[in-house]
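S.K.: sequence? don't have it. structure:
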């Protein structure tokens with residue numbers, strides 16, 4: 001096998017010259033999947049000695065990588081043959097004909113082994129267009145020492161979280177201490193946050209019949225609850241409206257909050273030796289509202305592997321995708337590189353016991369929900385912008401919750417041509 005590292009350069013010219021030298025070109029960042037890439041390529045070579053792979057180390061900055069792919073795919077370049085893409089790109093790329101459907105290349109039995117919510121995020125017009133490589137999701141972090149101090153249960157419902165927060169805040173008697181912090185700035189994370197809340201109340205972006213349901217009664221109630229956490233219950237600081245994930249993590253890490261709702265990547269800094277909350281926190285599934293214990297409240301994202309429809313080696317490319325996303329490779333990435341698997345069965349493998357945190361994350365991923373990027377496709381960025389704006393207006397009190405969601409419903413309907 002010949003593994004080469006290509007510098008990030010002009011996309012089309014570089015990709016075209018690479019094709020004549022190698023059977024396949026794989027584009028993925030060197031940091032995003034860590035040393036797993038090189039390890040998997042070496043093992044893939046042993047199993048497939050007739051397939052040579054050239055590793056194009058693209059940028060780990062999503063925007064830069066996306067521009068590179070768009071340039072190459074628009075020009076119908078046959079390479080890269082296989083490339084990594086963010087979950088919210090899959091729907092758009094599939095709609096534009098930039099992804100090779102996998103149904104005729106990878107057995108359905110194998111596709112069915114992945115997290116169904118993640119597969120749904122890559123399914124357009126009944127075709128699966130990419131497979132999930134690794135994932136991340138929103139979890140509820142909590143101060144276990146304070147729950148123990150006040151003899152409180154780990155909250156499963158939002159109603160319990162409110163009660164726990166009030167008791168802890170009253171007991172601590174510190175005006176700089178808050179019950180709840182999260183990422184409520186006008187960013188993509190706010191939309192992810194909102195989806196966790198509304199799904200936890202039996203709602204969602206779409207209803208059970210697949211119709212747009214942004215302004216459903218369940219969604220209005222859950223969104224009003226978000227507003228009340230801030231305005232009525234005063235459990236969250238006003239700064240939550242400008243907080244990004246690291247801003248919220250910092251407050252929690254400084255010992256200034258009982259509960260934190262953000263993505264799992266904050267675990268490492270929270271657990272660092274010099275962290276004030278090291279050994280004092282834990283995490284659990286994002287709460288649901290009473291009566292909705294089976295709700296999917298873990299909003300997930302992640303990175304996928306797709307195949308270029310212009311590739312001259314689609315079957316070989318499918319072998320590479322299957323290998324990288326396989327059980328053993330995901331297990332290795334979890335244990336050695338702390339990358340969360342996208343196959344539920346991997347979390348049940350005895351060998352993942354050493355990756356205790358990821359194993360626990362896996363339980364939360366059983367309740368996954370994804371953003372509506374697959375169905376909205378190329379329109380997803382505009383849809384997300386509308387949702388972020390209207391949710392922000394409701395949280396700031398610029399509009400009532402009902403008016404904000406009614407306006408969001410109308411705007412999204414116009415965007416999607418409904």
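M.R.: Cool, the structure landed. If you're wondering where the values come from, they're calculated on a predicted model, not measured in any experiment. Numbers count the residues shown, from 1 in each chain.

S.K.: Which parts of this structure are strands?
M.R.: Ranges of strands in the chain, per DSSP state E, are 5-6, 24-27, 53-56, 82-86, 123-124, 127-128, 131-143, 178-182, 257-263, 281-284, 298-307, 368-369.

S.K.: Which one, of those, ends up nearest to residue 246?
M.R.: strand 257-263 (8.6 Å; Cβ to Cβ). Every C-beta, even on glycine, is put in place using the N, C-alpha and C of the backbone.

S.K.: so how far is that closest one from its chain's centroid?
M.R.: 17 Å (Cα atoms, centre = their mean, to the nearest Å).

S.K.: What about residue 96, how many residues nearby?
M.R.: When counting by other Cβ atoms under 10 Å, one arrives at 13 neighbours for residue 96.

S.K.: meant to ask about residue 348, not that
M.R.: Based on other Cβ under 10 Å, the number of other residues close to residue 348 is 10.

S.K.: which one of the strands of the chain lies closest to residue 95?
M.R.: For the strands of the chain, the distance to residue 95 is smallest for strand 123-124, at 6.5 Å, taking Cβ to Cβ.

S.K.: mind listing what that closest one pairs with, with the direction of each?
M.R.: strand 127-128 (antiparallel) (DSSP bridges).

S.K.: so who does the nearest residue to residue 387 once chain neighbours are set aside touch?
M.R.: In this structure, residue 387 finds its nearest non-sequential neighbour in residue 191, 4.8 Å apart by Cβ to Cβ, 6 or more residues apart in numbering. Residue 191 makes contact with 371, 384, 387, 388, 391 under the criterion Cβ atoms under 8 Å, 6 or more residues apart in numbering.

S.K.: So the third one sits against residue 408, correct?
M.R.: Yes: distance between residue 387 and residue 408: 6.0 Å, which falls inside the contact criterion (Cβ atoms under 8 Å).

S.K.: which residues do these two both contact?
M.R.: With Cβ under 8 Å, 6+ apart as the test, residue 387 and residue 408 both reach residue 214.

S.K.: picking that back up, do you know which of the strands of the chain lies nearest residue 204?
M.R.: Nearest of the strands of the chain to residue 204, taken as Cβ to Cβ: strand 368-369 at 7.5 Å.

S.K.: Give me the residues contacting the closest one.
M.R.: Under Cβ under 8 Å, 6+ apart, the answer for strand 368-369 is 115-118, 137, 195-196, 199, 204, 296-300.

S.K.: mind listing which of those residues are in helices?
M.R.: 116, 117, 118, 195, 196, 199 (DSSP state H).

S.K.: who does residue 260 bridge with?
M.R.: If you apply DSSP bridges, the partners that residue 260 bridges to are residue 141, residue 181.

S.K.: Show the contacting residues for it.
M.R.: Contacts for residue 260 were tallied using Cβ under 8 Å, 6+ apart; they are 140, 141, 142, 180, 181, 182, 248, 249, 251, 252, 266.

S.K.: can I assume the fourth one is in contact with residue 252?
M.R.: No: Residue 180 is not in contact with residue 252 according to Cβ under 8 Å; the separation is 9.8 Å.

S.K.: out of the contacts of residue 191, which are buried?
M.R.: Burial by neighbour count, 16 or more other Cβ atoms under 10 Å: within the contacts of residue 191 this picks out 371, 384, 387, 388, 391.

S.K.: measure the last one to residue 152 for me?
M.R.: This points to residue 391. 29 Å (Cβ to Cβ, to the nearest Å).

S.K.: got it, and the fourth one?
M.R.: In this structure, residue 388 and residue 152 are separated by 33 Å, where distance is defined by Cβ to Cβ.

S.K.: before we move on, what about residue 292?
M.R.: Taking Cβ to Cβ as the measure, residue 292 falls 21 Å from residue 152.

S.K.: Please apply the same query to residue 211.
M.R.: Residue 211 is 40 Å from residue 152, by Cβ to Cβ.

S.K.: Between these two, which has more neighbouring residues?
M.R.: More crowded of residue 211 and residue 152, by other Cβ under 10 Å: residue 152, with 18 against 9.

S.K.: okay, that one: pLDDT?
M.R.: In this model, residue 152 is scored at 98, pLDDT.

S.K.: In contact with the nearest residue to it once chain neighbours are set aside, which residues?
M.R.: Nearest residue to residue 152 in three dimensions, chain neighbours excluded: residue 164, at 4.8 Å (Cβ to Cβ, 6+ apart). Counting by Cβ under 8 Å, 6+ apart, residue 164 touches 147, 150, 152, 153, 155, 179, 258, 259.

S.K.: Of these, which pair is most distant in space?
M.R.: Distances among the contacts of residue 164 were taken as Cβ to Cβ; the most separated pair is 153 and 179, at 15.2 Å.

S.K.: Please identify which of the two sits among more neighbours.
M.R.: Taking other Cβ under 10 Å, residue 153 and residue 179 do not tie; residue 179 has more neighbours (23 against 9).

S.K.: Quick check: the gap between that one and residue 235.
M.R.: Relative to residue 235, residue 179 is positioned 4 Å away (Cβ to Cβ).

S.K.: Quick check: neighbours shared by these two?
M.R.: With Cβ under 8 Å, 6+ apart, residue 179 and residue 235 have common neighbours 162, 165, 166, 169.

S.K.: so what's residue 14 scoring on pLDDT?
M.R.: Residue 14 is assigned a predicted lDDT (pLDDT) of 40.

S.K.: and residue 204, how many neighbours?
M.R.: 21.

S.K.: Residue 254 now?
M.R.: 12.

S.K.: Ok, residue 397 next?
M.R.: There are 11 residues near residue 397, going by other Cβ under 10 Å.

S.K.: which one is it nearest to, not counting chain neighbours?
M.R.: residue 231 (6.9 Å).

S.K.: Would you mind measuring from residue 295 to residue 46?
M.R.: From residue 295 to residue 46 the distance is 44 Å (Cβ to Cβ).

S.K.: okay, the two: which has more neighbours?
M.R.: Between residue 295 and residue 46, residue 295 has the larger neighbour count (other Cβ under 10 Å), namely 22 against 8.
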